[in-house]
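[1] Okay, structure incoming, though there's no sequence with it:
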């Protein structure tokens, strides 16, 4: 690796790996194990200077650059080029007076939740605290309290960005207004964000949890849920999930191999108000489990209890103008116990603050959508082509209701870009790509 260390590029302390080196496989490993990158050079960045040096080296050789924090949202397998891993860049700094957090590129949301909690604050994180905070936010960021507070990208105050010509820019509404618009919701194609400053929410406690029912009630629960969403205030953010639990030892005995439907709720009001709000859901049928309760925000990961172990998966999404119970039931029939592979279907209510542009507009698309439908399948022994075939049928059924796809929830297929943005946003992002990365260094 000595040829990679020059005075112009990398410092002696920078962690570098090539295929076959000790530590290479561990360095490229992420949460998504089904679509691993195979870069020619891995740079384990510890700060913005390491990132700048990696980008400079890649640009000099015409190598493509990819970035990985936690590896949750890998867009597919890739070969060659430079991979910048940011897991070592894990600094969090809270300004309780300004209600902001400065977050480095490798930080996971769990770190921000824990750092903000002593100040009675919470970040606009999603359901899984192990997800990388920066990459999640660049894609928009649909959080636990999103209907009340909007997308995570709406709360960004400033970003530090390494551009394709290896400059380090401070991006704010005043210094770089076009980049500030694009990076908040426009994804990762304009450079490497090494840190960002984001606003925190005045939330210390909430009412929430999950109501789990047997799959024989799925029709009643779906219709009850859709009707319920017409009545709830914006202080309620919720989703419905349908899946067949695998028949595995780590699954509790009563749920092994069982088809289930659950509703997940997060409400920033009082416990008494929360109990009144969820009463119609509880009336839909007898629950297999009911974890709805008041909790500190630090316990909010228990609402969804997303898996924390790395695994292989495929997923896609559709953002719908409005729900249609018959169309959703057709989707659940396609993805239910008779499907050729396990499918987890989640339906999120949108609207509320998600439908409103922030004071400084950004590139987050499809704010007119009322619901998001996500389908995810483990790839344990399943051919991705078979999954794609089923998903084609699922999303064709939803096509008449669909306004687009979610940037945060298109897993494993980086070749599909249609539907991520509207025509005007695509045009504007393409213009910025041509201006800031004409050689398409960043993939």
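    Everything's here; your move. Bear in mind the structure is a predicted one, so any value in this text is a computation, not a measurement. Numbers count the residues shown, from 1 in each chain.

[2] list the helices and strands the lowest-mean-pLDDT helix or strand in the chain packs on?
    The least trusted helix or strand in the chain, going by mean pLDDT, DSSP states H and E, turns out to be strand 78-79, with a mean of 84. Here strand 78-79 touches strand 37-38, going by 3 or more CB pairs under 8 Å, 6 or more residues apart in numbering; DSSP states H and E. For every residue, glycine as well, the C-beta is placed using N, CA and C.

[3] pLDDT score for residue 418?
    Listed pLDDT for residue 418 reads 85.

[4] Now do the same contact list for the closest residue to it other than its chain neighbours.
    Nearest non-adjacent residue to residue 418, counting by CB to CB, 6 or more residues apart in numbering: residue 405, 7.7 Å away. Residues near residue 405 by CB atoms under 8 Å, 6 or more residues apart in numbering: 316, 317, 318, 319, 416, 418, 419, 420.

[5] quick one: residue 405 and residue 365, what's the gap?
    With distances taken as CB to CB, to the nearest Å, residue 405 is found 9 Å from residue 365.

[6] list the residues that contact both of these two?
    Common neighbours of residue 405 and residue 365 (CB under 8 Å, 6+ apart) are residue 420.

[7] helix or strand for residue 158, which one?
    Following DSSP states H and E, one finds residue 158 within strand 156-162.

[8] Which SSE is immediately downstream of that strand?
    Of the helices and strands lying after strand 156-162 in sequence (DSSP H and E), the nearest is strand 168-171.

[9] Okay, now the sheet partners of that next one, with direction.
    Take DSSP bridges as the rule and strand 168-171 pairs in its sheet with strand 156-162 (antiparallel).

[10] what's in contact with the partner strand?
    Taking CB under 8 Å, 6+ apart as the rule, strand 156-162 contacts 48, 51-52, 55, 100, 137, 168-172, 179-180, 183-184, 190-199, 362.

[11] what do you get for stretch 248-260?
    Under the contact criterion CB under 8 Å, 6+ apart, stretch 248-260 has outside partners 212-216, 218, 242-247, 288, 336-337.

[12] and what of stretch 167-174?
    Contact partners of stretch 167-174, identified using CB under 8 Å, 6+ apart, comprise 48, 52, 157-163, 175-176, 179-180, 183, 191, 194, 360.

[13] Need the three-state assignment for residue 84.
    strand (DSSP: H, G, I helix; E, B strand; the rest coil).

[14] Any idea how far stretch 170-179 is from the middle of the chain?
    From the chain centre to the centre of stretch 170-179 is a distance of 24 Å (CA atoms, centre = their mean, to the nearest Å).

[15] From one end of that stretch to the other, what's the distance?
    Stretch 170-179 has an end-to-end distance of 10 Å (CA to CA, to the nearest Å).

[16] now stretch 248-257
    Using CA to CA, one end of stretch 248-257 lies 8 Å from the other.

[17] picking that back up, mind checking pLDDT for the residue nearest to residue 418?
    According to the prediction, residue 405 has pLDDT 95.

[18] now the strands for the stretch 101-250 of the chain?
    Using DSSP state E, counting those that start in this stretch, the strands of the stretch 101-250 of the chain run over 156-162, 168-171, 192-199, 205-214, 236-244.

[19] Buried ones among the contacts of stretch 248-260?
    By neighbour count, with 16 or more other CB atoms under 10 Å, the contacts of stretch 248-260 hold 212, 213, 214, 215, 218, 242, 243, 244, 245, 288, 336 as buried.

[20] For stretch 73-90, what is the distance to the chain centroid?
    16 Å.

[21] now stretch 189-202
    Its chain's average C-alpha position is 14 Å from that of stretch 189-202, according to CA atoms, centre = their mean.

[22] end to end, how far does that stretch reach?
    End-to-end distance for stretch 189-202, by CA to CA: 32 Å.

[23] before we move on, what about stretch 403-420?
    Distance across stretch 403-420, first residue to last, is 9 Å (CA to CA).

[24] ditto for stretch 243-255
    Terminal residues of stretch 243-255 are spaced 11 Å apart (CA to CA).

[25] Let me see the mean pLDDT of it.
    Average pLDDT, stretch 243-255: 85.

[26] going forward can the numbers begin at 56, since that is how I track them
    Sure thing, new numbering starts at 56, so read that last one as stretch 298-310.

[27] in the protein, what spans have low per-residue confidence?
    Confidence mapping of the chain against pLDDT under 70 gives the ranges 56-63, 130, 467-471.

[28] Provide a complete list of residue ranges assigned to helices in it.
    Secondary structure of the chain (DSSP state H): helices at 79-83, 103-116, 164-171, 188-193, 201-204, 232-238, 273-284, 326-337, 380-390, 439-453, 478-491.
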